[in-house]
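In: Sequence and predicted structure, then a few things I'm wondering about:
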Amino acid sequence: MPSFSKILCDTDVKKQMAVNSDFVGHLPESRGGETVTFPVVDGSGTTWQFGYYVRRDGHPKPVFQGGWHDYRRDRGLKAGDKITFWADGGNYSIQAERKIKLLGKEMWTSDF
């Protein structure tokens, strides 16, 4: 199943999240210059309506908008957190993780 993971930066959490260019072929088709809305399910089973935007001029960084902001706000995501995004045919899912220190070891957890 195609996927990508990303450590979020300030722009991802304050404006829009840049999507890995290698992953674009697994997202809904876009002619560019328009936002394509599609459902994304998180680990709790909640469905979010993400907006996917590709600039018409072929800018190499497509972005998630719209429901991405709602998801980010609801999860309390901040720079340094990690998301993993999966595509399975026309079904999409996302998981957020935060790095914690437990017994002196750093690890990623989705329980935050």
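Out: Thanks, I have it. Residues are numbered from 1 along each chain as shown.

In: correct me, but residue 38 touches residue 93?
Out: No: with contact defined as CB atoms under 8 Å, residue 38 does not reach residue 93; the gap is 11.7 Å. Where C-beta positions appear, they are placed from N, C-alpha and C, glycine not excepted.

In: and the gap between residue 32 and residue 95?
Out: In this view, residue 32 and residue 95 are 28 Å apart by CB to CB, to the nearest Å.

In: So which of those two has more stuff around it?
Out: Neighbours per residue, other CB atoms under 10 Å: of residue 32 and residue 95, the larger number sits with residue 95, 16 against 12.

In: Can you report how many residues lie near residue 17?
Out: For residue 17, the number of neighbouring residues by other CB under 10 Å comes to 23.

In: Apart from its neighbours in sequence, what residue is nearest it?
Out: Here the nearest residue to residue 17 in space, its sequence neighbours aside, is residue 64; by CB to CB, 6 or more residues apart in numbering that works out to 4.5 Å.

In: swap in residue 5?
Out: If the residues on either side of it in the chain are set aside, residue 5 comes closest to residue 84, at 4.4 Å by CB to CB, 6+ apart.

In: in the sheet, who's paired with that neighbour?
Out: Taking DSSP bridges, one finds residue 5, residue 95 as the beta-bridge partners of residue 84.

In: My guess is it contacts residue 95. True?
Out: Yes: between residue 84 and residue 95 there is a contact at 4.9 Å, judged by CB under 8 Å.

In: Break down this protein into its helices, ranges please.
Out: In the chain, helices defined by DSSP state H lie at 10-14, 67-75, listed in chain order.

In: ok, and which of these has the densest surroundings?
Out: A comparison of these by mean neighbour count, using mean count of other CB atoms under 10 Å, puts helix 67-75 on top with a mean of 17.
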